[in-house]
Each structure stands twice: as structure tokens, then as C-alpha cells.
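> Fold the following for me, if possible:
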Amino acid sequence: MLSRTADNLFWLSRYVERAESLARILETTQRLAALPSAYGGKTNEWESAVETAGVAPAFFSKHEEANNETVVSYLVFDRDNPSSILNCFETARHNARSVRTALTMEMWEAINGAWLELRRTPDRKLAGEELTRFLGWVKEIGLRFDGSASRTMLRNDIYDFSRLGMLLERADNTARILDVKYHLLLPDEGEVGGGLDYYQWSAILRAVSAVTSYHWVYRQSLKPWLVADLLILNDQLPRSLAACYGQLVRHLDELARAYGRQGPAQRLARATRSGLENAEIKQIFQGGLHEFITSFICDNNRLGLAIHEQYLA
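Numbers count the residues shown, from 1 in each chain. From the prediction side, this is the model:
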């Protein structure tokens, strides 16, 4: 396969996953912002949204305050934000057109239809039920695209490169969501274990569609260390860091067999996967959850660079 084709497939899936993740972040923020002030007083949910999306410096260079109107506009429609939902779908569609013959009809229709629909959606103030419906639509597009890939693509190198982009982006977003809650979202006056804390952790689980999974696995009330254990170490949860890296290792091994050689990408993925397999949540909290996640995000970025240099450059 040409490296240019592999690059288009990789970034196509990555941008679709990013758009869905942004929708999940905004949906969670909307839910938290709607909580009565009695649960903990003044909080900074909208600021946490731009922190989670990794665009805080660029956002605050353009807006003085993070609120419903400014954050939704910046993360959904802003052309100056390369990671806005509008730009994610536009870039994804551009990549899809470049590799149209490598995609199944269902995959192309999902991304092309989303782009056409979004073009007809004016940049306007989305709030309340209208925002909820829009974010649900974005998540539905992500599910349609991902489901079409899983159910209709041949299991070859085209599929492997597509999955690599999705899994790298998913791991990054899960880590950022968890880090922002632990480090940023709970206000100084919020009591850990109180009502606000409970609803915030519940909202984080909803952001990764894991509320039911949590209760199936632990069968008890929400506890921060158990939420972290589920999202980091439990490879039964599709969006956990362990699950993402289990799949990353598998797809990189498939590429190694297809092309007859291994490289830094395979070694880095295995090292991160091994670290997750041998980790315990108690040790992670003792060493600092924020420090662990920061290190993981750096390792994830290094893997993305290694994949680029090994296959996509």
C-alpha cells in the first residue's frame, strides 16, 4: 500500500473518532452545568471542556470566558479551531475522498452524508434540547462509521491502518477525560465523596458509555479509584486504555506480518501494553493519577509519531 493511502486511512478514522469524542465531552459538560448549585456551588465545567479537548491556549487567546456559548461555538463550528467538529468532519471527508476505492459504500455514505448535513447547519447558538439533539447526531455518525468499518471491511492492511487511527485517538481522549475530572473539575470547596463528586464521576462514565459496565464489574456505588481502574486497566471495556492498547498491538502485529518486518511502533505499543497489564490502580494513585496519565499521553503521542515514521511518511 502507498504510504499516502495509509496516511489518509489513519487520519480519516482519527478525525471521525475525535468528532465523536468532542460530542461526548460537550454532552457531559452540558449535563454537569445543569446540576443545581446546591450540589457544590460554583464549578468550572465549561473550562474543563476546553481543557479536555486540549485546545485551552488557543481558546483563551480568542475568548475571555469559557461559557456555554463560547465553548460550543469554538468546539463545534469554529474554522480557526482545527479540531472543531465541523473541521473534523471536513478533514475526514477530504481523506475519505482520497481513498474512496478503499472504503466500503457504507463507510463513505456515513462520512459524506455527515459532511453534507453539517454544511447545511449554520453556525448558531446551540443550547438546551437543540444542543442535545445535535450532539446525539454527531455520536450517531461516529457509531455508524465505526460499525460500518467493523461489519463490512476486509481484514487486511486497509482495515489495520483505519483501526490504528481510531484506537490512538480513543486512548488519548479517554485519558484526557479522566485526568480533567480528577485534577480540574471538582471545585476547591467540593467535598470528595459528596453529591457533586458523585454526579461528576457518573457523568464521566456516561461520556465513555460505561455506567452500566461499571455496575456490572464492581456492583457498588461510584468510587474514584474504581472508575479509574475501569477506564485504565480493565480490558473488557472497549474505551479503556488497556483495551485500546491490546487492539493496537494486535493491528500492528498484523501489519508486521503483512509487510514482513517489525519496527519501533510494535516495540512501543508492546511496552505500553505491558505496563498497563502489570499496573495496579493502588500503585497508580500512590504515584499520582495525573502524573500517570501525563506519562501515558506522552507515550501515546510517541507511538503515533513512530507509526507515522514507520508507515505513513
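> Name the surrounding residues that touch stretch 228-240.
Defining contact as CB atoms under 8 Å, 6 or more residues apart in numbering, one finds that stretch 228-240 is touched by 170, 174, 177-178, 182, 205, 208-210, 213-214, 217-218, 241-243, 246, 276, 279-281, 284-285, 289, 292. C-betas here are computed from N, CA, C, even on glycine.
> Now that stretch - C-alpha only, CSV.
Provided in CSV are the C-alpha atoms of stretch 228-240 (Å, rounded to 0.1, in the frame of the first residue of the first chain):
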residue,chain,number,x,y,z
ALA,A,228,-10.1,4.9,37.2
ASP,A,229,-9.5,1.2,37.3
LEU,A,230,-12.3,0.6,34.8
LEU,A,231,-11.1,3.3,32.4
ILE,A,232,-7.4,2.5,32.6
LEU,A,233,-6.8,-1.2,33.4
ASN,A,234,-10.0,-3.2,32.5
ASP,A,235,-9.5,-4.5,29.0
GLN,A,236,-13.2,-5.7,28.9
LEU,A,237,-14.2,-2.0,28.4
PRO,A,238,-13.7,-1.0,24.8
ARG,A,239,-12.7,2.6,25.6
SER,A,240,-10.2,1.7,28.4
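> Next, the buried residues of that stretch.
Buried residues in stretch 228-240, counting neighbours by 16 or more other CB atoms under 10 Å, are found at 228-235, 237, 239-240.
> Helices - which of the residues you listed land there?
228-232 (DSSP state H).
> Let me know the closest of these to Thr121.
Nearest to Thr121 among these, counting by CB to CB, is Leu231 at 31.6 Å.
> Grab the nearest non-local neighbour of the spatially most central residue of the chain.
The geometric centre of the chain, computed from its C-alpha atoms, lies nearest to Asn173 (CA atoms, centre = their mean), at 3.2 Å. Taking CB to CB, 6 or more residues apart in numbering as the measure, Asn173 lies nearest to Ser21, with 4.1 Å between them; neighbours along the chain are not counted.
> tell me the contacts of that neighbour?
Shown here is Ser21, whose contacts under the criterion CB under 8 Å, 6+ apart are 169-170, 173.
> Test my guess that Ala269 contacts Arg302.
No - with contacts defined as CB atoms under 8 Å, Ala269 does not count as touching Arg302, sitting 10.2 Å away.
> In terms of neighbours, single out the busier of the two.
Ala269 (27 against 14; other CB atoms under 10 Å).
> Can you list which of the contacts of Ser21 are found in strands?
The members of the contacts of Ser21 all map outside strands under DSSP state E.
> ok, of those, which one's closest to Ala49?
For the contacts of Ser21, the nearest to Ala49 is Asn173 (12.5 Å; CB to CB).
> isn't that closest one right up against Arg18?
Yes - the pair Asn173 / Arg18 is scored as a contact, 7.5 Å apart, by CB under 8 Å.
> quick one: low-confidence parts of the stretch 151-300 of the chain?
Applying pLDDT under 70 to the stretch 151-300 of the chain flags the ranges 181-197.
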